[in-house]
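In: Model the structure of this input:
(chains A and B)
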Amino acid sequence: MKQILLAAVAALSLGVAAASAEPVKVGMITTLSGGGAGLGIDVRDGFMLAVKQSGNEDIEVIIEDDQRKPDVAVKLADKLVQAENVDVLTGLIWSNLAMAVIPSVTAQGKFYLSPNAGPSMLAGKGCHPNYFNVAWQNDNLHEAAGAFANVEGYKNSFILAPNYPAGKDALTGYKRLYKGDLAGELYTKLGQTDYAAELAQIRASGADSVYFFLPGGMGISFLKQYAGSGIDLPVVGPAFSFDQGILQAVGDAALGVRNTSQWSKDINTPVNNAFVESFQAEYGRLPSLYASQGFDTANLLLSAMSKADVKDADAFREALREADFKSTRGEFRFGPNNHPIQDIYVREVIKEGDVFTNKIIGKALNSHSDAYWSECNM
Amino acid sequence: MSLILLIEQILNGLQFGIMLFLMAAGLTLIFGVMGLINLAHGSLYMIGAFCAAAVAGATGSFLLGLIAALAGAAIAGALVELVVIRRLYTKDHLDQVLATFALILIFSEGTRWLFGSFPLFLDIPDALSGPVTLPGGIEYPLYRLTLIIVGLLVAAGLFLLISRTRLGIQIRAGENDREMIAALGVDIAKLYTIVFALGAALAGLAGALVGAIQSVQVGMGEPVLILAFVVIVIGGIGSIKGALIGAILVGLTDTLGGIFLPELMKLFFSPATATSIGSSIASMSIYILMAAVLVLRPTGLFGARA
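Out: So this is what the prediction gives:
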């Protein structure tokens, strides 16, 4: 009886605490200058749009620019944690920066909600109860492309990615579900912009399809040069080379290319339609998948704030884990390692009027989790 | 490895080298004549690409874009020389590096402020798109072939300019003894502005030509700048001929190394290990080349001054 009473009191006090919660302080470290700033700007804009739409006054967001440099990101994280005393951190785009920041801030008892980077280390052995990934585990979109290649009947793929950890995750991801042979496997230099040598090898390899992971400017260069090379093989890539921000720079060279993504602007749900429309009204451009991830991250945070006080870490963590928010990509829940379980689509690049964009042509994977959750003990 | 693939790769290396030459020529001229280390040369490359993308986007003409790139970069170069660089000739190299590094940051953020953070669209003209078939059945992109020809023409023009014109005489004299030509009544300040603008225009041209097959975005110049420095160190600082030979050497080493080293490693290791070791060594290859050249000839292949 006494225990029940105590529990009731505790629950009551919890309810009271949640109702008169102190403002939640959010530290956003993202890339706003230098190469790759487009990604950080989209995440920030998506995040701030959700905050604005909620009308919630109890959230304070401090935005910092990491310049895509790990040392800057670490310094900013120290400042946000120690001087600003934020409750939640978010925003990082790049996996190498994520590896430098996330383990240290979660160890200091802060929450980290990742709107983009999902390195395999943090999904498996290095997982942490306070670390939530709202985007994907790095391998996911590549696994989907491998599955799609089986459906299309590709038997001899040529695959390439930059020589850095996320590039290796990418090719590993593709090979995980792909059943055919490899005509060739190449690691290019990170930041490389000329692919003439690789294209000549692709031409000579006798491949029946090409899979590439070259995010940002690297992908623009590759696609333009691919189109000029006269090679006539189907190309597949992850959404990172076909997001709304860079498609216009690729132009006709991207038309008809299939790419895998967990989000697309034509996912026909009321939540997503409203998101696309309001993002366009607010910023005057179409949202990218990064913007949708920022938007979802903010909504996840807001949903947890309405259920628990951020100072009560255990309750807040449970509230986050429930993922009780309306995601722009439809079904969304967390697996045991706090990484998403979600559908992954195949999109095709089309032209709507003057604007290049994507259209869903099918689903590559249903309720897909990641390959590392069994290694996670928490 | 067939002969066709080999020839295609040599052409690729040549094209890469020729584009590097356009960058390195300006850099080496500026260093040779004025003794200035200009880190902001990569920004001029970026300015060329952005001018070309903006004008080609507005008018639909790639040629107008190229002219805009040349003009835009030359004007930016001349302005920078008049406002900032002019004060640096008497300072030591560390001050020059610091000031021109500041220029990189100013140009990058200024470009972002003007054009936004997303890459710009610049495509090759329709007349130059697609592949051509060379003798021997080699399919090669027409645009890259054009780049090789344009680059060689520019190189030839530059040689004529330096060896046959009055301006060229002044430039060569300026390299040898700048006090003396000032004493002889040559307006050295004007000469410096012209040389700087010429170097900038070459960088801008390279930016526009390469921007059409790569991505036009903030920060695109810095990786090329590093390679251009490698080129002028190999070729000998101040030598245009050295820049041309050095650029082609670097282009061929980088391209062919990227293909043959992984193949070579496959003789010793399993394919997966070979690919990763080979690619790692390949990305070092041009620096190994530079070190080797410096050991044999400390002033570079055609460097005059010690």
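In: Wait, residue B:197 touches residue B:79, no?
Out: No: here residue B:197 does not reach residue B:79: they are 9.1 Å apart, not a contact under Cβ atoms under 8 Å. C-beta here means a position set from N, CA and C on the backbone, and glycine is covered the same way.
In: of the two, who's got more company?
Out: Using other Cβ atoms under 10 Å in any protein chain shown, the more surrounded residue of residue B:197 and residue B:79 is residue B:197, with 22 against 15.
In: Is the more buried one in a helix, a strand, or coil?
Out: Three-state call for residue B:197 (DSSP: H, G, I helix; E, B strand; the rest coil): helix.
In: Please report phi then psi for residue A:110.
Out: Note on residue A:110: backbone dihedrals following degrees, to the nearest 10 are phi -90, psi 160.
In: Tell me how many other residues crowd residue 134.
Out: Picking chain A for this. 28.
In: Sorry, I should have been clearer: chain B.
Out: Residues near residue B:134, counting by other Cβ under 10 Å: 14.
In: how about stretch B:216-227 as CSV, C-alpha atoms only?
Out: What follows is stretch B:216-227 as a C-alpha-only set of coordinates in CSV (Å, rounded to 0.1, in the frame of the first residue of the first chain):
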residue,chain,number,x,y,z
VAL,B,216,30.8,25.0,-58.9
GLN,B,217,30.8,25.6,-55.1
VAL,B,218,32.5,27.6,-52.4
GLY,B,219,35.9,26.2,-51.5
MET,B,220,36.4,24.5,-54.8
GLY,B,221,39.8,26.3,-55.3
GLU,B,222,41.8,25.1,-52.3
PRO,B,223,42.4,21.5,-53.3
VAL,B,224,43.6,22.7,-56.8
LEU,B,225,45.8,25.3,-55.1
ILE,B,226,47.7,22.7,-53.2
LEU,B,227,48.4,20.7,-56.4
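In: What average pLDDT does it get?
Out: Taken as a whole, stretch B:216-227 carries a mean pLDDT of 89.
In: So which bits of that stretch are buried?
Out: Buried residues in stretch B:216-227, counting neighbours by 16 or more other Cβ atoms under 10 Å in any protein chain shown, are found at B:216, B:217, B:218, B:219, B:220, B:221, B:222, B:224, B:225, B:227.
In: Longest helix of chain B, counting residues only.
Out: As assigned by DSSP state H, the longest helix anywhere in chain B is helix B:3-34.
In: following that one, which helix or strand comes up?
Out: helix B:41-59 (DSSP states H and E).
In: Mind checking if the following helix or strand past that next one is in reach of chain A?
Out: Per DSSP H and E, the first helix or strand lying C-terminal to helix B:41-59 is helix B:62-83. No: judged by Cβ under 8 Å from any Cβ of the partner chain, helix B:62-83 and chain A are separated, with a smallest distance of 13.0 Å.
In: What are the contacting residues of helix B:62-83?
Out: Helix B:62-83 has contacts (Cβ atoms under 8 Å, 6 or more residues apart in numbering or on different chains) with B:40, B:44-45, B:47-56, B:59, B:103, B:122-125, B:192-193, B:196-201, B:203-205, B:207-209, B:212.
In: Among those, which ones lie close to chain A?
Out: Applying Cβ under 8 Å from any Cβ to the contacts of helix B:62-83, those adjacent to chain A are B:123, B:124, B:212.
In: before we move on, the earlier item: next one: the longest helix of chain B to chain centre, how far?
Out: 7 Å (Cα atoms, centre = their mean, to the nearest Å).
In: Now tabulate the ones next to chain A among the contacts of helix B:62-83 in TSV and tack on distance to residue A:284 and secondary structure.
Out: Formatted as TSV, these follow (distance: Cβ to Cβ, whole Å; DSSP: H, G, I helix; E, B strand; the rest coil):
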residue	distance to residue A:284	secondary structure
B:123	24	coil
B:124	29	coil
B:212	27	coil
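In: now, which of the buried residues of stretch B:216-227 sits nearest chain A?
Out: When those are compared for distance to chain A (Cβ to the nearest Cβ), residue B:219 comes out closest, at 4.2 Å.
In: quick check, the closest one in a strand?
Out: No: checked against three-state DSSP, residue B:219 lies outside a strand; its state is coil.
In: List the residues that contact residue 252.
Out: Reading this off chain A. A:227, B:123.
In: could you do chain B instead?
Out: Residue B:252 neighbours (Cβ under 8 Å, 6+ apart): B:10, B:13, B:14, B:17.
In: And residue A:146, by the same measure?
Out: The neighbours of residue A:146, taking Cβ under 8 Å, 6+ apart as the test, are A:173, A:174, A:175, A:176, A:177, A:178, A:211.
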